[in-house]
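> kindly generate the corresponding structure for this input.
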Amino acid sequence: MRFVVREVAQAQRDISSIFEWLWQRSQSGAANWLKSYDAMVERLTEVADSFGEAHENHLFEKEIKQAFFKTRRGQTYRAIFYIEETTAYILRVRGPGQAPIKESDIN
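Numbering: from 1, shown residues only. The predicted model follows:
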């Protein structure tokens, strides 16, 4: 089954914020991070339903999943998402050291 992947507004802000932070430190690192993120999104289009639950799942009514991604030399990031029919909605993108999400983080 193929999935359509959508980023909610907060996820788009997360992506921009992480990318800008990385860009200020390493333009090539930021570009590689974005490629890694895009590759993760492509995996979601193919097998979104095979990813595991996020550890915050118990806080939400819908099943919240997570997909990890990283650059070859970079830190691990995660996209937090849920699936509705054939659409995977990315709710947040979290970087290393960021606190787990709360219900108020996605409303």
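
> any idea of the mean pLDDT in stretch 36-47?
In this model, stretch 36-47 has a mean pLDDT of 98.

> and for stretch 70-79?
Across stretch 70-79, the per-residue pLDDT values average to 90.

> stretch 23-30 too?
Throughout stretch 23-30, pLDDT has a mean value of 95.

> and what of stretch 84-103?
For stretch 84-103, the per-residue pLDDT averages 92.

> could I get the buried residue list for that stretch?
Of the residues in stretch 84-103, those with enough neighbours to count as buried (16 or more other CB atoms under 10 Å) are Ala88, Tyr89, Ile90, Leu91, Arg92, Val93, Arg94, Gly95, Ile101. For the C-beta atoms, the positions are set from N, CA and C on the backbone; glycine is no exception.

> what's near enough to touch the fourth one?
Spelled out, it's Leu91. The neighbours of Leu91, taking CB atoms under 8 Å, 6 or more residues apart in numbering as the test, are Val8, Gln10, Ala11, Ile64, Ile80, Phe81, Tyr82, Ile101, Ile106.

> report the buried members of the residues you listed.
A residue is treated as buried here by neighbour count (16+ other CB under 10 Å); on that basis the buried members of the contacts of Leu91 are Gln10, Ala11, Ile64, Ile80, Phe81, Tyr82, Ile101, Ile106.

> check which helix or strand covers the closest residue to the fourth one other than its chain neighbours.
Excluding its sequence neighbours, the residue lying closest to Ile80 (CB to CB, 6 or more residues apart in numbering) is Arg92, at 4.6 Å. In the assignment (DSSP states H and E), Arg92 maps to strand 87-94.

> spell out which helix or strand contains Ile83, please.
Using DSSP H and E, Ile83 sits in strand 76-84.

> just to check, Asn57 is in contact with Phe81?
No: counting by CB atoms under 8 Å, Phe81 is not a contact partner of Asn57; they are 11.4 Å apart.

> the residue nearest to Ile80 and Gln12 touch, don't they?
No: the criterion here is CB under 8 Å, and Arg92 misses it with Gln12 at 10.4 Å.
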